[in-house]
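Peer 1: my questions concern the predicted model and sequence given below.
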Amino acid sequence: MPYDHYTLLRTDLKDIFAALEQAYQAIETGKQDKDKNARKQAEEQLRNAAYRAAAIEPHMAYLWFWAKREEADRAKNDNTKKKFSEIANAIRDAWQRTLKVKTIPKEFHSIPDTTIISRMPSLSFVLHIPFRLEKPYLSKDERDFYLLDNPLRREKVFQVPMVAATSWKGALRAALWQLGYREDHEVTIRLFGNPRGHDEHQAGRLYFFPTFFDQIGLEVINPHNRQTGVGERGPILMECVPTGTKGDLTLLYVPFGPMGQSEEGRRREVAEDLMVLAEGVRAMLLTYGFGAKTSSGYGVAEEKLAGEGKLVIRAKLTNESAVDSEPSKPQTSSLPRYLETPTRLIPELRRDDGSLKSEEEYRLWVESQGRKYKKKEQKLYQKAKKWWEKEGREYWEGIEPVEESVMESKPPEEPAISAYTFANLSGLVDLAQQVASLLKVGGEG
């Protein structure tokens, strides 16, 4: 199948390949005749033909002429080798100028927000870290047919540069290994699970989400001979996510454990896991890096975050005597205006049975308050309706009808949630230590 596909592309590119060779020959003729105008026109024709080739299939077009260049090299035909080198480079330059990154539509919800913690078991937490690259990020895609030898790994549908969830897991595991947490350490096993082939098939408590970037660039490296100090292979182009690009690292921790475990024991484990996780994330992002060529300094982030970091835990931590001071104050989880709880509409938008009112019912309620039904109220209702159709109806259908008197006497309890923020990676480590001390003391789960 791939052979047939590229055979068809070769047919589409046939005329462009001929135009590229003709343009190159015209450039050489202009040089020999010292005709600057003719040479400039031929160079423009070469660029246009290269852009046309790159628009159809840049990788095949480039590799076609590079293969012919290597044939000429084996035949020791320097003139032909130079010709195909120049044409191949023109196609590569045209491809480089058209490098663009699409974005994944938000409707796909590929990265959850911290509100998901309300649906998780007690003592679960979400850690969200918006970082900025201090050095370029490199990775290796599995493509065999590509213009460069070092393509950047991308999401398969939208072709967006990414750090896969498995890559994050491997990078964090390696950072913790450097910090002394080997594979057989109890915290390592709790966070990542048992190694493959182990007798006990224990899954890890950490769930990683991928990271997507919105920029792409090219990094140039020039390997040198260690004895002579002279470049051996010449400059090598590598796709990268450039310095300064922002990304988001999102982790979910769910503390499942052995049956019959005491609440005190579970809290102690969560506290220890949180401190080790914060230390490992900081070491990974600042020191050891993630992606390829981390030993050369690639794939590290800045100490200061690109936004507000968040730690949201499914527990109410209220013991104020556990710490003397806090770098960031607990905050309640933010909810849209139309929600009273993550699963319940505000009173003016819901019927007695908990379902969404019709827009006419809501309009009458607004007018009964002596207000006009304006654009502001209309927008609020439309947002509530969208949430209801997407999520709210499922909650409502899963709740058995309850008499109104019972509902009034026993309102649904909101999940106990504590949220914290931090501005840098050192602040994350300090915050983790303070939250861990609160967990050990206890609180409402």
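Peer 2: Great, that's in hand. Please read all numbers here as calculations on a predicted model, not as lab measurements.

Peer 1: all strands for this protein, in order.
Peer 2: If DSSP state E is used as the criterion, the strands of the chain fall at 125-132, 162-163, 206-208, 211-212, 217-221, 236-240, 246-253, 304-313, 339-341, 344-345, 418-424.

Peer 1: which one, of the ones you listed, ends up nearest to residue 4?
Peer 2: Taking Cβ to Cβ as the measure, the strands of the chain were each checked against residue 4, and strand 236-240 came out nearest at 27.5 Å. Any C-beta I mention is one placed from the backbone N, CA and C, and that applies to glycine too.

Peer 1: picking up where we left off before, reformat the strands of the chain as JSON lines; add mean pLDDT, mean neighbour count and distance to residue 370.
Peer 2: Supplementary listing: the strands of the chain in JSON lines, determined by pLDDT from 0 to 100; neighbours: other Cβ atoms under 10 Å; distance: least, Cβ to Cβ, whole Å:
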{"stretch": "strand 125-132", "mean pLDDT": "95", "mean neighbour count": "22", "distance to residue 370": "42"}
{"stretch": "strand 162-163", "mean pLDDT": "93", "mean neighbour count": "23", "distance to residue 370": "53"}
{"stretch": "strand 206-208", "mean pLDDT": "95", "mean neighbour count": "19", "distance to residue 370": "49"}
{"stretch": "strand 211-212", "mean pLDDT": "94", "mean neighbour count": "21", "distance to residue 370": "48"}
{"stretch": "strand 217-221", "mean pLDDT": "81", "mean neighbour count": "15", "distance to residue 370": "59"}
{"stretch": "strand 236-240", "mean pLDDT": "84", "mean neighbour count": "20", "distance to residue 370": "61"}
{"stretch": "strand 246-253", "mean pLDDT": "94", "mean neighbour count": "20", "distance to residue 370": "45"}
{"stretch": "strand 304-313", "mean pLDDT": "93", "mean neighbour count": "19", "distance to residue 370": "39"}
{"stretch": "strand 339-341", "mean pLDDT": "82", "mean neighbour count": "16", "distance to residue 370": "23"}
{"stretch": "strand 344-345", "mean pLDDT": "84", "mean neighbour count": "20", "distance to residue 370": "22"}
{"stretch": "strand 418-424", "mean pLDDT": "93", "mean neighbour count": "19", "distance to residue 370": "36"}
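
Peer 1: export those strands as a markdown table, with columns for distance to residue 36.
Peer 2: Below are the strands of the chain laid out as a markdown table (distance: least, Cβ to Cβ, whole Å):
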| stretch | distance to residue 36 |
| --- | --- |
| strand 125-132 | 46 |
| strand 162-163 | 47 |
| strand 206-208 | 58 |
| strand 211-212 | 47 |
| strand 217-221 | 31 |
| strand 236-240 | 30 |
| strand 246-253 | 46 |
| strand 304-313 | 49 |
| strand 339-341 | 70 |
| strand 344-345 | 74 |
| strand 418-424 | 57 |
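
Peer 1: out of these, nearest to residue 96?
Peer 2: Proximity to residue 96, assessed across those by Cβ to Cβ, is greatest for strand 217-221 (6.4 Å).

Peer 1: now that closest one, how far from the centre of its chain.
Peer 2: Using Cα atoms, centre = their mean, to the nearest Å, the distance from the centre of strand 217-221 to the centre of the chain it belongs to is 21 Å.

Peer 1: residue 256 - nearest residue in space that isn't next to it in sequence?
Peer 2: Using Cβ to Cβ, 6 or more residues apart in numbering and skipping the chain neighbours, the partner closest in space to residue 256 is residue 205 (6.7 Å).

Peer 1: tell me how many other residues surround that neighbour.
Peer 2: Applying other Cβ atoms under 10 Å, we find 21 other residues in the vicinity of residue 205.

Peer 1: show me the contacts for it.
Peer 2: Applying Cβ atoms under 8 Å, 6 or more residues apart in numbering to residue 205 gives the contacts 190-191, 253-256, 273.

Peer 1: residue 352: which of the residues you listed is nearest?
Peer 2: So of the contacts of residue 205, ranked by how close each gets to residue 352 (Cβ to Cβ), first place is residue 254, at 35.3 Å.

Peer 1: I'd say that closest one and residue 119 touch.
Peer 2: No: with contacts defined as Cβ atoms under 8 Å, residue 254 does not count as touching residue 119, sitting 10.9 Å away.
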